[in-house]
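1. sequence plus the predicted model coming up.
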Amino acid sequence: DQATCVAPHNKTALCWGESFYGQGFEFPVRSDWDTIDSGSYHACGVTGNGEGFCWGNNLYGQTNVPDIKPRKWFQITAGGSHSCGIDDLFNIHCWGRGLEQQTSPPCNDAWLRLDAGSLHTCGIQLDRSLSCWGSNQAGQCNVPHLKGVCQFQSD
């Protein structure tokens, strides 16, 4: 929450803000970033060839990206003290602090997108349903009246 990182169209990392844990400026210098996501005190990204990286605070192992070879990373999201990612077979992997079960996703194996919060994680599955897991202290895991179905609005 102290720094932000993005991968603009030129695929180089751009970070700004507080960098007490190195999450803002101590990132791998590359020119092939596809995605970058900022968490509370760490950030993660995926390169064009499917390599995954995380940097910043690693108190709970949240920057220790698992080796999934020969699989490649499709997306990695950075949360409070945890991270989750999707591989190229749409399988989910989570690591870091999991005391609130935020690193324990449902046993479904087809995911399209993830977003990690401070103590929870949400994901969109291949069938377009939405699931959230982890702390529900503020209702963040209560999927609204759509009953888990993501609906897209056109412009």
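-> All right, it came through fine.
2. helix, strand, or coil at the residue lying closest to residue 103 once chain neighbours are set aside?
-> Nearest-residue entry for residue 103: residue 94, 3.7 Å, with adjacent residues in sequence omitted and distances by Cβ to Cβ, 6 or more residues apart in numbering. Placement of C-beta: from N, CA and C, glycine included. Following DSSP: H, G, I helix; E, B strand; the rest coil, residue 94 is assigned to strand.
3. so residue 94 sits against residue 82, correct?
-> Yes. Look at residue 94 against residue 82 with Cβ atoms under 8 Å: they come within range, at 6.3 Å.
4. the two: who's more crowded?
-> residue 82 (29 against 23; other Cβ atoms under 10 Å).
5. what is the burial count for the residue nearest to the more buried one when sequence neighbours are not counted?
-> Nearest non-adjacent residue to residue 82, counting by Cβ to Cβ, 6+ apart: residue 96, 3.4 Å away. Residues near residue 96, counting by other Cβ under 10 Å, number 25.
6. what's the residue nearest to residue 103 in contact with, if anything?
-> When contacts are counted by Cβ atoms under 8 Å, 6 or more residues apart in numbering, residue 94 touches 82-85, 102-105, 121.
7. neighbour-wise, which of those leads?
-> Result: residue 83 is most packed of these (other Cβ under 10 Å), 33 neighbours.
8. packing partners for whichever strand or helix holds that one?
-> Secondary structure from DSSP states H and E places residue 83 in strand 82-87. Of the remaining helices and strands, those touching strand 82-87 by 3 or more Cβ pairs under 8 Å, 6 or more residues apart in numbering; DSSP states H and E are strand 42-47, strand 73-78, strand 92-96, strand 111-116, strand 120-125.
9. 7 Å - rerun?
-> strand 73-78, strand 92-96, strand 111-116 (3 or more Cβ pairs under 7 Å, 6 or more residues apart in numbering; DSSP states H and E).
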